[in-house]
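Engineer: turn this into a structure:
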Amino acid sequence: MNDNNAINIVIGLSVAEHLSDETNENLLYVGPRFTNDKWHIKTPSIYKFSELLKEVDRRNFTINQIFIFCDIFSLSQFRIDFDCKFNIGKVTAVIGDTHHTEQPLTPLINWLKYNNIKNVALKQTVNQAPIFRDFKFNVICLPYYAHDVTLLEPTKTYIERVLFFGTISERHPRRKELIEYLIKRNLPLDVVSGKREKSFYAYNNYSCSINMPLNKDINYRIYEVMVSGGVCITEKFASSTIGTQIAVNNKNILEYGTFESCYELCCFMLENKSARERLAKQSYESMKDCKSKGLVYSMLKDNNIGKEGINIDVSSKREAEELYKNLEEFERIQNIRAKGHNLLPTQIAKLKHNWKGSLS
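Structural biologist: Modelled structure (predicted):
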């Protein structure tokens, strides 16, 4: 069998429209939402790995690498059972959202440990790299993960107003509070919702766009604004995230630490046309080479990304030591953040100092 038959297997990836550009003839997709054909295997909610190997062999393929997309919620919907021997070093678990339910990380970490999966790739939750490293995983921090995007050159005839494109609801209390604050400050702000494909043109046509992620995550909107030739003003990255992303403060995005600083940055973009155009150009230039290069491509392009871990500065180490010393406390914190609230400095100071580095 020649190398042309060697494939990469993607397990558990959603068939959502915005991930459609992942499909190509080097990848075999496996999961309950697909329809069976040469490049897709439809599975039951619990699927034995031995059955997957039989299907791969029947298609006359050999396995190069396996990527399993999983998070706390998805494991309750779909799970693969490693019931036979396999080179587990070829397997990387791509971790998704860990804040959309109030469940702790323990079930996810237990599942990874039970199956002896050692390689973990973090996308929007790269700020949680310290805790996965504490559990001795090889952590890959993905530099971006925008999919199926519309690349647009910056325009000089943009609307001199601020945009928020998305939904405002009680499920995102801090986002709601920020929008209400900016409106009270009489910022020329438009709150718009609609189909995702229209958002790129909106980001391109406004002076700047604001972003308020949950739990200091790296969400889609940051890179969607950048690829659109727009200016993204987002909440400050967690210190454990710094150095892992294409998005860099004061280079191709702007970060705010308070509602007041968000307001001031928006005003600065509105009042300084040359600064706005320079940032939009740098944003576009940073992303144009990433067009149509999806999450899996990023990992295959350089599978050493983050394998040795990123260099964390002293403040990051201190934060990691404080925040992740006690798993029980961490899980309590996750429950707080799942409700959309950030942890207060006073709460961080009260954390216990008896971290054992184990699940017991």
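
Engineer: give me the neighbour count for G89.
Structural biologist: For G89, the neighbour count with other C-beta atoms under 10 Å is 12. The C-beta positions use only the backbone N, C-alpha and C, and glycine is treated the same way.

Engineer: I misspoke; the intended subject was Y284.
Structural biologist: Counted with other C-beta under 10 Å, Y284 comes out at 20.

Engineer: how about the helix or strand harbouring it: buried residues?
Structural biologist: Using DSSP states H and E, the secondary-structure element containing Y284 is helix 273-287. By neighbour count on 16 or more other C-beta atoms under 10 Å, the buried set for helix 273-287 is R276, L279, A280, Q282, S283, Y284, S286, M287.

Engineer: need the max-distance pair from those residues.
Structural biologist: Across the buried residues of helix 273-287, the longest distance by C-beta to C-beta is 16.9 Å; it joins R276 and M287.

Engineer: surely C267 is within a helix?
Structural biologist: Yes: according to DSSP: H, G, I helix; E, B strand; the rest coil, the state of C267 is that of a helix.

Engineer: what sits against it?
Structural biologist: Contacts of C267 were listed using C-beta atoms under 8 Å, 6 or more residues apart in numbering, and they are L187.

Engineer: likewise the one 10 residues further on?
Structural biologist: Counting by C-beta under 8 Å, 6+ apart, E277 touches P154, K156.

Engineer: can you tell me how far it sits from V149?
Structural biologist: When distance is defined by C-beta to C-beta, to the nearest Å, E277 is 21 Å away from V149.

Engineer: same thing with N272?
Structural biologist: Applying C-beta to C-beta, the value for N272 to V149 is 27 Å.

Engineer: also S261?
Structural biologist: 28 Å.

Engineer: and these two? Which one has more around it.
Structural biologist: Per other C-beta under 10 Å, whichever of S261 and V149 has more neighbours is V149, with 23 against 15.

Engineer: OK, contacts around that one?
Structural biologist: Under the criterion of C-beta under 8 Å, 6+ apart, the contact list for V149 reads F200, Y223, E224, V227, S228, M287, K291.

Engineer: let's have those in TSV, adding distance to L182, secondary structure and pLDDT.
Structural biologist: Written out in TSV, the entries for the contacts of V149 read as follows (distance: C-beta to C-beta, whole Å; DSSP: H, G, I helix; E, B strand; the rest coil; pLDDT from 0 to 100):
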residue	distance to L182	secondary structure	pLDDT
F200	23	helix	93
Y223	22	helix	90
E224	20	helix	91
V227	24	helix	91
S228	21	coil	93
M287	26	helix	87
K291	31	coil	58
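
Engineer: need these in TSV (columns: distance to P44).
Structural biologist: Shown next, in TSV, are these (distance: C-beta to C-beta, whole Å):
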residue	distance to P44
F200	37
Y223	34
E224	34
V227	37
S228	40
M287	39
K291	36
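
Engineer: now these: which count as buried?
Structural biologist: The neighbour-count test (16+ other C-beta under 10 Å) marks F200, Y223, E224, V227, S228, M287 as buried among those.

Engineer: isn't the fifth one right up against K198?
Structural biologist: No: shown here, S228 and K198 do not form a contact pair, counting by C-beta atoms under 8 Å, at 10.8 Å.

Engineer: in the chain, which helix or strand is least confident?
Structural biologist: helix 314-323 (a mean of 42; mean pLDDT, DSSP states H and E).

Engineer: okay, which residue is most central for this protein?
Structural biologist: The C-alpha lying nearest the average C-alpha coordinate of the chain belongs to Q124 (C-alpha atoms, centre = their mean; 1.7 Å).

Engineer: which residues sit in contact with that one?
Structural biologist: Contacts were defined as C-beta under 8 Å, 6+ apart; by that measure Q124 touches G96, D97, Y145, P213, D217, I218, N219, Y220.

Engineer: could you rerun that using 6 Å?
Structural biologist: The contact partners of Q124, taken as C-beta atoms under 6 Å, 6 or more residues apart in numbering, are D217, I218, N219.

Engineer: can you tell me the closest non-neighbouring residue to it?
Structural biologist: Once its chain neighbours are removed from consideration, Q124 has its nearest residue in D217; the separation is 4.5 Å (C-beta to C-beta, 6 or more residues apart in numbering).

Engineer: please, which helix or strand holds the closest residue to V231 other than its chain neighbours?
Structural biologist: Using C-beta to C-beta, 6+ apart and skipping the chain neighbours, the partner closest in space to V231 is C208 (4.1 Å). Using DSSP H and E, the secondary-structure element containing C208 is strand 206-211.

Engineer: what's the angle from that strand to helix 273-287?
Structural biologist: Between the direction of strand 206-211 and that of helix 273-287, the angle (axes from the mean of the first three to the mean of the last three C-alpha atoms, to 10 degrees) works out to 60 degrees.

Engineer: what residues sit buried inside strand 206-211?
Structural biologist: For strand 206-211, the buried set under the neighbour-count rule, 16+ other C-beta under 10 Å, comprises Y206, S207, C208, S209, I210, N211.

Engineer: check stretch 48-58 too.
Structural biologist: Buried residues in stretch 48-58, counted by 16+ other C-beta under 10 Å: F49, E51, L52, V56.
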